[in-house]
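Engineer: What would the 3D arrangement of this be:
(one chain, ligands or ions: 3)
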Amino acid sequence: MGVKLGILGLGTVGLGTVQLLQDLVGRNPLLQEIEIYRVGVRSLAKIRDVELPADVLTTDLEAIVNDPAVDIVVELIGGLEPARSLILQALNNGKHVVTANKAAIARFGAEIFTTANQAGVYVMLEAAVGGGIPVIQPLKQSLSVNRIHTITGIVNGTTNYILTRMQTEGSNFSDVLADAQRLGYAEADPTADVDGLDAADKIAILASLGFNGRINLEDVYSEGIRQVSKTDITYAEKLGFVIKLLAIAKQDTNSSPLSVRVHPTLVPKAHPLASVNGVYNAILIEGEPIGQVMFFGPGAGAGATASAVTSDIMNLVAVLKTSTTNPNPLLTCGHQDYCEIAPIAELVTRFYARFLTKDQPGVIGKLGTCFGNYGVSLESVVQTGFQGGLAEIVVVTHDVREGDFRQALAEIQNLAAIDSIPSLLRVL
Ligand SMILES: NC(=O)C1=CN([C@@H]2O[C@H](COP(=O)(O)OP(=O)(O)OC[C@H]3O[C@@H](n4cnc5c(N)ncnc54)[C@H](OP(=O)(O)O)[C@@H]3O)[C@@H](O)[C@H]2O)C=CC1
Ligand SMILES: N[C@@H](CC=O)C(=O)O
Ligand code: NA
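Structural biologist: Numbers count the residues shown, from 1 in each chain. Ligands and ions are numbered 1, 2, ... in the order given. Have a look, this model is predicted:
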């Protein structure tokens with residue numbers, strides 16, 4: 001037994017990782033060099049679907065990161081603290097770290113990677129984005145010779161699972177969320193999933209790798225899926241779209257600011273991301289000279305995420321077996337500067353909007369005039385239903401600057417004929 005692991009956390013991902021490491025037949029022989037030396041948990045009394053010697057489990061996580069015998073710390077407790085402090089202590093103690101914690105990396109990445117670089121150790125995070133899908137290492141290595149233009153992803157398994165079931169079964173939002181929690185997809189606090197914050201953390205990480213700079217998380221615009229209703233899913237379907245929570249990072253020219261955002265989006269049914277359903281994630285990367293490349297696979301769940309965590313551990317085992325003093329630049333993170341992010345008002349996109357209006361003659365004309373005043377041109381206008389005596393009108397615009405569209409909406413909101421604007425979604 002060569003390399004000693006100190007694993008923090010034995011929940012969905014921790015358990016999946018330990019189970020994988022205890023079942024090595026047919027896997028990479030390097031894994032046989034690993035010893036599960038300590039596993040830190042909150043409760044020793046909890047019954048767990050794994051056998052570990054009694055002296056391996058502990059509730060003293062600090063003792064693990066400070067134990068000189070531990071070579072690699074695998075942080076799978078999630079959340080911000082004590083995860084951040086434990087990662088920093090491990091790095092300061094000269095230990096490599098593997099983490100699945102996108103929340104901590106997206107907020108404290110600068111501090112964590114600076115500490116790792118100073119200590120001459122690595123922080124590996126393949127599981128932090130796209131669960132089991134290899135996307136971090138490909139962006140750092142295989143794709144890094146490209147100039148990346150756009151990263152468009154479905155990067156949250158929980159919300160994709162919810163939207164898929166709402167679309168295919170007409171299911172109710174809260175019932176499906178409970179299923180996603182039971183299946184181990186959701187975060188400990190599922191509002192991070194539902195409100196788009198988990199996807200924002202992930203696109204910040206991908207953008208940082210793709211566009212070679214740090215991303216200030218506060219600059220990432222994010223909307224979740226709470227406002228997506230069955231009505232909108234049905235209208236989108238009729239118009240030839242499906243609704244997906246997309247995370248997008250885009251740079252129009254090499255010198256223009258980045259646009260980094262998360263929001264529910266109408267995706268044309270023929271687009272490759274439209275058929276990514278359930279807990280599956282996909283990340284479409286566009287760059288030069290490669291063109292388009294798409295990564296697809298399970299975005300959450302014990303086994304899939306354990307695959308990513310264990311591949312990182314295996315990379316570090318290989319590093320520990322190699323005796324070089326210079327760090328491998330393809331495994332470190334060397335970003336020092338922050339990327340400039342464009343405000344959401346500058347975004348140019350198509351919009352879908354649903355209006356409830358009084359059933360009066362000329363309403364559509366008034367809407368058209370207000371939009372026209374701000375240079376918003378309409379691709380389609382549909383009036384199909386009635387809700388409680390109000391007419392329902394759905395419009396899809398051509399490409400428009402978001403700031404102009406919002407100004408038109410503010411004027412429309414004041415029209416006497418307008419009751420409300422229940423939905424506003426962007427269109428890919
Ligand atoms: N679930 C998924 O599909 C995926 C999760 N991730 C990320 O992986 C990480 C872990 O997620 P997941 O496995 O789902 O989380 P769980 O909530 O299932 O597991 C968390 C584990 O950490 C332990 N723990 C939490 N806080 C403490 C603490 N303060 N002290 C000691 N132990 C603690 C818990 O102990 P105890 O068991 O005793 O309560 C539990 O074993 C998160 O960062 C998450 O974002 C990434 C990709 C996919
Ligand atoms: N809660 C996350 C888990 C993986 O990162 C998700 O649903 O995608
Ligand atoms: Na991944």
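Engineer: rest of the way, CA atoms for contacts and neighbours
Structural biologist: Fine.
Engineer: Report the separation between the residue of the chain positioned farthest from its centre and residue 409.
Structural biologist: The C-alpha centroid of the chain is most remote from residue 361, which lies 45.0 Å away (Cα atoms, centre = their mean). Distance from residue 361 to residue 409, counting by Cα to Cα, to the nearest Å: 20 Å.
Engineer: Would you check that residue 242 makes contact with residue 268?
Structural biologist: Yes - applying Cα atoms under 8 Å as the test, residue 242 and residue 268 come out as touching, 6.5 Å apart.
Engineer: joint contacts of these two?
Structural biologist: By Cα atoms under 8 Å, 6 or more residues apart in numbering, residue 242 and residue 268 have these common neighbours: residue 274.
Engineer: between these two, which one's more packed in?
Structural biologist: Neighbour tally, residue 242 and residue 268, criterion other Cα atoms under 10 Å: the higher count belongs to residue 242, 26 against 19.
Engineer: give me every residue that touches the more buried one.
Structural biologist: Shown in contact with residue 242 (Cα under 8 Å, 6+ apart): 233, 236, 266-269, 274.
Engineer: any idea which element it lies in?
Structural biologist: strand 241-250 (DSSP states H and E).
Engineer: Spell out the secondary structure type for the closest residue in space to residue 424 that isn't next to it in sequence.
Structural biologist: Of all residues not flanking residue 424 in the chain, residue 353 sits nearest, at 4.5 Å (Cα to Cα, 6 or more residues apart in numbering). Using DSSP: H, G, I helix; E, B strand; the rest coil, the structure places residue 353 in strand.
Engineer: Tell me the bridge partners for residue 353.
Structural biologist: With DSSP bridges as the criterion, residue 353 is bridged to residue 395, residue 424.
Engineer: go on, the one 4 residues further on?
Structural biologist: Judged by DSSP bridges, the bridge partners of residue 357 are residue 391, residue 418.
Engineer: I'd guessed it sits against residue 394; true?
Structural biologist: No - in this structure residue 357 lies outside contact range of residue 394 using Cα under 8 Å: 10.7 Å.
Engineer: Can you report how many residues neighbour the residue of the stretch 251-400 of the chain found nearest ligand 2?
Structural biologist: Ranked by Cα to the nearest ligand atom, the top residue of the stretch 251-400 of the chain for proximity to ligand 2 is residue 300, at 4.4 Å. Here the number of neighbours of residue 300 (other Cα under 10 Å) works out to 30.
Engineer: Tell me which residues touch it, please.
Structural biologist: Neighbour list for residue 300: 130-132, 156-158, 184-185, 279-280 [criterion: Cα under 8 Å, 6+ apart].
Engineer: now the helices for the stretch 301-428 of the chain?
Structural biologist: Ranges of helices within the stretch 301-428 of the chain are 302-321, 363-373, 402-413, based on DSSP state H, counting those that start in this stretch.
Engineer: In the longest one, which residues are buried?
Structural biologist: Spelled out, it's helix 302-321. Neighbour counts over helix 302-321 (16 or more other Cα atoms under 10 Å) mark 302-314, 316-317, 319 as buried.
Engineer: hmm, back to that, so can I have a markdown table of the helices of the stretch 301-428 of the chain showing mean pLDDT?
Structural biologist: Shown next, in a markdown table, are the helices of the stretch 301-428 of the chain (pLDDT from 0 to 100):
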| stretch | mean pLDDT |
| --- | --- |
| helix 302-321 | 96 |
| helix 363-373 | 94 |
| helix 402-413 | 97 |
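Engineer: residues contacting the closest residue to residue 12 other than its chain neighbours?
Structural biologist: In space, and not counting its chain neighbours, residue 12 is closest to residue 302: 5.2 Å by Cα to Cα, 6+ apart. Counting by Cα under 8 Å, 6+ apart, residue 302 touches 12-17, 184.
Engineer: repeat for residue 327
Structural biologist: Residues near residue 327 by Cα under 8 Å, 6+ apart: 120-121.
Engineer: Equivalent analysis for residue 413, please.
Structural biologist: Contacts of residue 413 by Cα under 8 Å, 6+ apart are 419-421.
Engineer: Right, and ligand 3 sits closest to which residue of the stretch 201-350 of the chain?
Structural biologist: Residue of the stretch 201-350 of the chain nearest ligand 3, by Cα to the ion: residue 308 (5.8 Å).
Engineer: so that residue makes contact with residue 127?
Structural biologist: Yes - with contact defined as Cα under 8 Å, residue 308 reaches residue 127; the gap is 4.9 Å.
Engineer: element containing the residue of the stretch 251-400 of the chain closest to ligand 2, please.
Structural biologist: Taking DSSP H and E as the definition, residue 300 sits outside all helices and strands.
Engineer: The residue lying closest to it once chain neighbours are set aside sits in which helix or strand?
Structural biologist: In space, residue 300 comes closest to residue 131 once its chain neighbours are excluded; the distance is 4.9 Å by Cα to Cα, 6+ apart. Residue 131 is part of no helix or strand when elements are defined by DSSP H and E.
Engineer: repeat for residue 201
Structural biologist: Secondary structure assignment for residue 201, by DSSP H and E: helix 197-211.
Engineer: got the angle for that helix vs strand 241-250?
Structural biologist: 50 degrees (axes from the mean of the first three to the mean of the last three Cα atoms, to 10 degrees).
Engineer: avg pLDDT for the following helix or strand past helix 197-211?
Structural biologist: Scanning forward in sequence from helix 197-211 by DSSP H and E, the next helix or strand is strand 221-222. For strand 221-222, the mean per-residue pLDDT is 98.
Engineer: In contact with the residue nearest in space to the middle of the chain, which residues are there?
Structural biologist: When Cα atoms, centre = their mean is applied to the chain, the residue found nearest the centroid is residue 199 (3.0 Å). Contact partners of residue 199, counting by Cα under 8 Å, 6+ apart, are 155-156, 193, 247, 262.
Engineer: Present those residues as JSON lines; the columns should include secondary structure and pLDDT.
Structural biologist: Converted to JSON lines, those look like this (DSSP: H, G, I helix; E, B strand; the rest coil; pLDDT from 0 to 100):
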{"residue": "155", "secondary structure": "coil", "pLDDT": "98"}
{"residue": "156", "secondary structure": "coil", "pLDDT": "98"}
{"residue": "193", "secondary structure": "helix", "pLDDT": "97"}
{"residue": "247", "secondary structure": "strand", "pLDDT": "98"}
{"residue": "262", "secondary structure": "strand", "pLDDT": "98"}
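Engineer: Looking at those residues, which is nearest ligand 2?
Structural biologist: For these, the residue nearest ligand 2 by Cα to the nearest ligand atom is residue 156; the value is 3.4 Å.
Engineer: Contact residues of the protein facing ligand 3?
Structural biologist: 126-127, 129-134 (Cα under 5 Å from the ion).
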